[in-house]
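>>> here's a sequence, model it:
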Amino acid sequence: MVTPLVLAPLAALVAVPPALLGLEWDYTLRNVVLGSAIIGAVGGVFGTFATLRRQSLLGDALAHAALPGVCLAYLLTGAKTSLALLLGAAASGLVGTLVLLAITRQSRVKEDAALGVVLSVFFGGGILLLTRIQHTGQAAQSGLNQFLFGQAATLLAADVRLMAILGTITVAILWLLFKEFKLLAFDPDFAASLGFAPTPMAILLTSLIVVAVVIGLQTVGVVLMVAMLIAPPTAARQWTDRLSMMTLLAAAFGAIAGVGGAVLSSEVARLPTGPTAVLLATLLAAVSILAAPRRGIIWSAVGDRRRRSRLAAEGVLRDLAGAGDGRGGITVRELAARRGQAPAAVGRALRRLARAGWAAPAAAMADGWRLTAAGADAAALALHRERLWKLYLARQMDLPLEAVHHGADEIERVLTPRVLAALETELATEPGFAGPVPVGAGGQR
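Numbering: from 1, shown residues only. Next comes the predicted model:
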């Protein structure tokens, strides 16, 4: 299921007629768009697992570790064929992976420090080899430094086909072992208890990430490839709690960023494809962090504001219930003085209670308010919940009831009707338990 759904966004993007975008679908643009889409989608898929395993910088280390392999492949073959350079990069990346695993498993060095060691040592070696090659004076070495920052315009149709083949193979392997990799990402110890070997699985997953990194080097480059592994999964994580959906969204976001970078670079002079794609992926992540439902910062801020408004209204509701001065109500100023709040804030809470049908203006009192029948039931239930929870805490901590000061403001988010019924059953014999709260015609349990 994962493989066809991951490739579907690519097919949809490719199927869009270039004329609708006002583009001239020439040979170079086609290669750049397709190559960027493949890199974004495959990077998003495998970046999902790297992110969930808290190895976001793994792609950065592997990308830098691939540089000496590119240089050694050129020195051995004397040619800049894509297959030879990618094989060299993959071999060097795998060596970096094994070195990383050996450092973390055979020593006390933490994983972040090991990542820094692999990144710096391999990248330093790659820069030395690249400098040596550039000083040989050979004409064939021209362009090798493009692997540092990427040069999408140099992609050929053969390069795109190779990227598509490698990307399809790696995603297909992920699809076949999706359940095993899911266990590895969330609970490797549980995976081991089921008979799976976490270490070989981790090596295989990291090897697939190496391939995903390698196919993006020519377009995005060593320095920026890590962003294509981190930004799309970061954006996708804000929209879902399911791994399969997160993987698909990360692939889609990565493909959109890749295609967007290719299109923008073709329309704006001197605008490189790789950095533009990275910036678009980062923009998608920023928008998701801000505006995604349930997880977004804006969504959380709105939810917090509503929650504070609700809790303030519940506090005013209890104070209304406890007024009991026989005057048939209480004024806004008296409520504000009792609660230590501004009259305006108390007025907003009262209007919220009035919309809920729990409070109404007191006819016999200027600026006065009173509880309705439904409001009295709601206040009784809120007070009942608060007292139940205090009884429970007093018993669990072996404290007098008077020593427990836990407000109903907090308990309202804890005591669901099911929990409330269970507490009533458990505390039925406790001193101070007044029995289940009576619910009138206007109240709700």
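
>>> make it CA atoms for all contacts and neighbour counts henceforth
Noted.

>>> after the lowest-mean-pLDDT helix or strand in the chain comes which helix or strand?
Across the helices and strands of the chain, the lowest-confidence element by mean pLDDT, DSSP states H and E is helix 2-15, at a mean of 47. Downstream of helix 2-15, the first helix or strand assigned by DSSP states H and E is helix 27-52.

>>> for that following helix, the averaged confidence score.
When pLDDT is averaged over helix 27-52, the result is 86.

>>> list the buried residues in it.
Applying a neighbour-count criterion of 16 or more other C-alpha atoms under 10 Å, the buried positions in helix 27-52 are 29-52.

>>> also stretch 154-172?
Burial within stretch 154-172, assessed by neighbour count using 16+ other C-alpha under 10 Å, is assigned to 155-157, 159-160, 162-164, 166-168, 170-172.

>>> tell me which of those residues is nearest to Ile203?
Of all those, the one with the least separation from Ile203 (C-alpha to C-alpha) is Thr170, at 13.7 Å.

>>> now the nearest residue to the closest one once chain neighbours are set aside: how far from Gly93?
If you skip the residues right next to it in sequence, Thr170 has Leu208 as its closest partner in space, 6.0 Å away by C-alpha to C-alpha, 6 or more residues apart in numbering. According to C-alpha to C-alpha, to the nearest Å, Leu208 stands 11 Å off from Gly93.

>>> more neighbours: which of these two?
Shown here are Leu208 and Gly93; by other C-alpha atoms under 10 Å, Gly93 has more neighbours (31 against 23).

>>> I'd guessed Val354 sits against Ala360; true?
No Val there; residue 354 is Ala. Yes - using C-alpha atoms under 8 Å, Ala354 is in contact with Ala360, at 5.7 Å.

>>> output stretch 114-131 in CSV with nothing but the alpha carbons.
Listed next in CSV are the C-alpha coordinates belonging to stretch 114-131 (Å, rounded to 0.1, in the frame of the first residue of the first chain):
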residue,chain,number,x,y,z
ALA,A,114,29.4,10.0,17.3
LEU,A,115,27.4,11.7,14.6
GLY,A,116,29.6,14.8,14.9
VAL,A,117,32.8,12.6,14.7
VAL,A,118,31.6,10.8,11.6
LEU,A,119,30.3,14.0,9.9
SER,A,120,33.5,16.0,10.5
VAL,A,121,36.1,13.3,9.8
PHE,A,122,34.5,12.0,6.6
PHE,A,123,33.6,15.4,5.3
GLY,A,124,37.2,16.6,6.1
GLY,A,125,38.6,13.6,4.2
GLY,A,126,36.2,14.4,1.3
ILE,A,127,37.3,18.0,1.1
LEU,A,128,41.0,16.9,1.1
LEU,A,129,40.4,14.4,-1.8
LEU,A,130,38.3,17.0,-3.7
THR,A,131,41.1,19.6,-3.3
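
>>> what comes up buried for that stretch?
Buried residues in stretch 114-131, counting neighbours by 16+ other C-alpha under 10 Å, are found at 114-115, 117-119, 122-127, 129-130.

>>> ok so, going back, what strand or helix carries the residue nearest to Thr170?
helix 198-214.

>>> alpha carbons only: can I get the next helix or strand after that helix in CSV?
Read in the C-terminal direction, the helix or strand following helix 198-214 is helix 217-220, with elements assigned using DSSP H and E. Backbone C-alpha positions of helix 217-220 (Å, rounded to 0.1, in the frame of the first residue of the first chain) are rendered in CSV as follows:
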residue,chain,number,x,y,z
LEU,A,217,23.4,14.7,-3.7
GLN,A,218,23.6,15.8,-7.3
THR,A,219,20.4,18.0,-7.0
VAL,A,220,20.5,19.3,-3.4
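
>>> any idea of the mean pLDDT for the following helix or strand past helix 217-220?
If you walk from helix 217-220 toward the C-terminus, the next helix or strand you reach (DSSP H and E) is helix 225-237. Along helix 225-237, the predicted confidence averages to a pLDDT of 88.

>>> which SSE is immediately downstream of helix 225-237?
Per DSSP H and E, the first helix or strand lying C-terminal to helix 225-237 is helix 243-267.

>>> could you list the buried residues of that next one?
Applying a neighbour-count criterion of 16+ other C-alpha under 10 Å, one finds 243-244, 246-263, 265-266 buried in helix 243-267.

>>> one step back: among the buried residues of stretch 114-131, which ones are in helices?
Secondary structure assignment by DSSP state H places 114-115, 117-119, 122-127, 129-130 of those in helices.

>>> element containing the closest residue to Ser82 other than its chain neighbours, please.
Of all residues not flanking Ser82 in the chain, Asp159 sits nearest, at 6.5 Å (C-alpha to C-alpha, 6+ apart). Secondary-structure assignment from DSSP H and E places Asp159 in helix 157-176.

>>> just checking, what packs against the helix or strand harbouring Leu72?
With secondary structure defined by DSSP H and E, Leu72 is part of helix 58-77. For helix 58-77, the contact count by 3 or more C-alpha pairs under 8 Å, 6 or more residues apart in numbering; DSSP states H and E identifies helix 27-52, helix 82-106, helix 111-134, helix 198-214, helix 225-237 as packing neighbours.

>>> how far away is the residue nearest the centre of the chain from Arg53?
Averaging the C-alpha coordinates of the chain gives a centre point, and the residue nearest to it by C-alpha atoms, centre = their mean is Arg237 (2.9 Å). From Arg237 across to Arg53, the span is 13 Å (C-alpha to C-alpha).

>>> likewise for Gly69?
Distance of Gly69 to Arg53, given as C-alpha to C-alpha: 26 Å.

>>> between the two, which has more neighbouring residues?
Applying other C-alpha under 10 Å to Gly69 and Arg53 shows that Gly69 carries more neighbours, namely 27 against 15.

>>> I'd assumed Ala89 was in contact with that one.
Yes - with contact defined as C-alpha under 8 Å, Gly69 and Ala89 form a contacting pair (4.3 Å).

>>> shaky segments in the chain?
Counting by pLDDT under 70, the chain contains low-confidence residues at 1-25, 79-80, 136-153, 222-223, 323-328, 364, 399, 401-416, 429-445.

>>> could you break it into its assigned domains?
2-292, 312-371, 375-426 (automatic domain parsing).

>>> could you redo those domains as CSV and give each row distance to Arg306?
Output for these, formatted as CSV (distance: least, C-alpha to C-alpha, whole Å):
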stretch, distance to Arg306
domain 2-292, 17
domain 312-371, 10
domain 375-426, 13
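
>>> between those, which one is nearest to Trp299?
Per C-alpha to C-alpha, nearest to Trp299 of these: domain 2-292, 6.4 Å.

>>> next one: the closest one to chain centre, how far?
19 Å (C-alpha atoms, centre = their mean, to the nearest Å).

>>> and for the closest residue to Ala197 other than its chain neighbours, the neighbour number?
Spatially, and ignoring its direct neighbours in sequence, Ala197 is nearest to Ala191 (7.5 Å; C-alpha to C-alpha, 6+ apart). Number of residues near Ala191 (other C-alpha under 10 Å) recorded here: 18.
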